[in-house]
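Trainee: Pasting a predicted model and its sequence here:
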Amino acid sequence: MDASATEQSSSPTAPVISSVIWVLLEVYHFNFVTVVSWVAMAITTLLFLWGNIRKLLGKAPPNMSGLEISEQSALEVANACRGIVEEVVKWIFHLSVERGWFVFVQVVAGLLLLSYVGTVFSLLTLLYIGVVMGLTVPVSYKKYEDKIKSGGECLKVKSRRFYDMIDDKVIKNMKNKIVKEEKEKKIQ
């Protein structure tokens, strides 16, 4: 069995699980902690039953030594998290101190948009949309790659024409008016 067949056969479970979690939290208004505790109880019960059934059948108990987290692994994760936080702080400092006004306005506008999206959707809904999109968009892109690329090229050409039209009609006229006003001021 090749990797793509394995990938396609396991991918339907993630959208189903995320859909079930979304329904539990958003439709039935369950608390996140409640759902997590139910999942933990289900996993504990299944492991208990599995281990005891193996004992009843005379098989060796399952080896759980691979589930331990070594100190080295914990330190690597902690260092990775610290590195990410340091990079974010450096980026924020670089943005606020060293970059220009336009970049600052873009970031503030992006954060404002994110804030608006956050008021419309809950975090769980956004995570659900992200999981579903993350699982469906790559498959759709791979299937329709040629059509998407040709549509992108067509959109790029049309947007370039629109930009040129706006540049000719609006921006150049504004520049000409500004230059004329400056010349008139210099003459006076």
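Mentor: Thanks, I have it.

Trainee: Could you pull up phi and psi at residue 60?
Mentor: Phi and psi for residue 60, reported as degrees, to the nearest 10, are phi -70, psi 150.

Trainee: can you pull the contacts of it?
Mentor: With contacts defined as Cβ atoms under 8 Å, 6 or more residues apart in numbering, residue 60 is in contact with residue 54. The way it works is simple: take the backbone N, C-alpha and C, and place the C-beta from them, glycine included.

Trainee: The residue nearest in space to the middle of the chain: which element?
Mentor: In the chain, the centroid-proximal residue (Cα atoms, centre = their mean) is residue 130; its distance is 5.8 Å. Per DSSP states H and E, residue 130 falls inside helix 123-143.

Trainee: Helix or strand: which one has the residue nearest to residue 131 when sequence neighbours are not counted?
Mentor: Of all residues beyond its chain neighbours, the one nearest residue 131 is residue 18 (4.4 Å), with distances taken as Cβ to Cβ, 6 or more residues apart in numbering. Of the helices and strands defined by DSSP H and E, residue 18 is found in helix 13-22.

Trainee: Tell me what angle that helix forms with helix 123-143.
Mentor: Here helix 13-22 runs at 160 degrees with respect to helix 123-143, directions being taken by axes from the mean of the first three to the mean of the last three Cα atoms, to 10 degrees.

Trainee: what packs against helix 13-22?
Mentor: Packed against helix 13-22 by the contact rule (3 or more Cβ pairs under 8 Å, 6 or more residues apart in numbering; DSSP states H and E) you find helix 123-143.

Trainee: How far off centre is the helix it packs on?
Mentor: Here helix 123-143 is found 9 Å from its chain centre; the criterion is Cα atoms, centre = their mean, to the nearest Å.

Trainee: same deal with stretch 130-149?
Mentor: 15 Å.

Trainee: That stretch: which residues count as buried?
Mentor: Buried residues in stretch 130-149, defined by neighbour count with 16 or more other Cβ atoms under 10 Å: residue 131.

Trainee: quick one on the thing from earlier: downstream of the helix holding residue 130, the next helix or strand is which one?
Mentor: Beyond helix 123-143 in the direction of the C-terminus, DSSP H and E gives the next helix or strand as helix 145-166.

Trainee: That following helix vs helix 123-143, what angle?
Mentor: An angle of 110 degrees separates the directions of helix 145-166 and helix 123-143 when computed by the same axes, to 10 degrees.

Trainee: now the angle from whichever strand or helix holds residue 41 to helix 13-22?
Mentor: Residue 41 belongs to helix 32-56 when assigned by DSSP H and E. Put simply, helix 32-56 runs at 130 degrees to helix 13-22, going by the same axes, to 10 degrees.
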